[in-house]
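>>> Can you look at this prediction? I've put the sequence above it.
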Amino acid sequence: MHDALFQQLINWLTLGCIYSLLALGFSLLFGVLQVIHFSHGDVAMVAPFIALAAVQALAAALGGAAPWLVLGLACLVAIAAVGGLGVALDRLVISRFRNAPAMMPLVATVALGIVIRELIRHLYPQGSNPHAFPAIAQGAVPTPFGPLPLISVVSVLVAVALVGVLLYALHHTPMGMRIRAVSQDRETARLFSIAPGPVFRNTFFIASATGAVGGIFLASYAGVVRFDFGVQAGLIGFSAAVVGGLGRLGGAIVGSLLIAAIETIVQGYVPNGTSYRLVFVFALVILVLIFRPAGLFGVQKMEKV
């Protein structure tokens, strides 16, 4: 009984940390640009495909290098590439709707997600089929409560470290100060010679790269990746951000942990729970929106008409 409970706690913490990396991107982009980037999940799930391609290229180039080294370098390449992809998509598509009504960027990013998925499906070798993704860390650490999978340890440690670095950067670096200034009042930031353009590019790179880390860990935790995984990853990440309060980074983390808890409990203790886990997750989202439309930590804005 204790072993089963321990494993459920580990599953909850691992999923919660992975979902947090996805949800942070949604909150960061909304907080700075006031845009809901619905293709963020698809952008994040490009990373595992780039990593798989980079593994083959690096293995051939490095010869007899250790597999963990090849996989680590491939993941770093994928994270940097997806960060650049986020900046490119903003420049090519999303920036065109910077001052447009909210519905226009929303529809544009939904369409952009479809384009990304279809490009992967048609251009990646056997893109319609699931692709096995190697574990970032293999094996388990024995504990008095049961084995502790190394993939869970690495996922949690990397997520916590990344969140810590992100929060430090936002509050204690010049770039972070500029990002927060633009998120609070874009016009006032201009008066202090803070150009929004570089801030938007930096924000997209950070959000997309952070999502890429979440996408890689999600693929590694599942052991497989498909071209359409971005749909579910995006919905869960966005839902977690909404539950916590869009634009609130701390709220995105709490929302992710809450959604992961619901998912873990349903899968572990509800008959055929794996099939119904998303029903309970999105029922929670609906309840939060009914009783707390701005999210658990969001602030309801009053508009004068």
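Received the coordinates, thanks.
>>> burial of Gly16, as a residue count?
Neighbourhood size, Gly16 [other C-beta atoms under 10 Å]: 25. Every residue, glycine included, has its C-beta placed from N, CA and C.
>>> Likewise for Pro130?
Pro130: 13 neighbours (other C-beta under 10 Å).
>>> in this protein, which helix has the most residues?
Determined from DSSP state H, the single longest helix within the chain is helix 2-33.
>>> for that one, the distance to its chain's centre please.
9 Å (C-alpha atoms, centre = their mean, to the nearest Å).
>>> List the buried residues of it.
By neighbour count on 16 or more other C-beta atoms under 10 Å, the buried set for helix 2-33 is 6-8, 10-33.
>>> Quick check: mean pLDDT of that helix?
Averaged across helix 2-33, pLDDT comes to 88.
>>> now swap in stretch 105-117 and tell me
92.
>>> Other residues contacting that stretch?
Applying C-beta atoms under 8 Å, 6 or more residues apart in numbering, the contact partners of stretch 105-117 are 35-43, 46, 89, 93-94, 96-97, 227-228, 230-231, 234.
>>> hmm, which of those are the buried ones?
Burial by neighbour count, 16+ other C-beta under 10 Å: within the contacts of stretch 105-117 this picks out 35-43, 46, 89, 93-94, 97, 227, 230-231, 234.
>>> Give me the subset of the residues you listed that lies in strands.
Per DSSP state E, strands hold no members of the buried ones among the contacts of stretch 105-117.
>>> quick one: which of those sit in helices?
Using DSSP H, the subset of these located in helices is His40, Gly41, Asp42, Val43, Val46, Leu89, Gly230, Val231, Gly234.
>>> Wait, the first one touches Leu24, no?
No. The pair His40 / Leu24 is not scored as a contact, 10.2 Å apart, by C-beta atoms under 8 Å.
>>> okay, and the common contacts of those two?
Ala207, Gly211.
>>> Could you give the number of residues near Ile206?
23.
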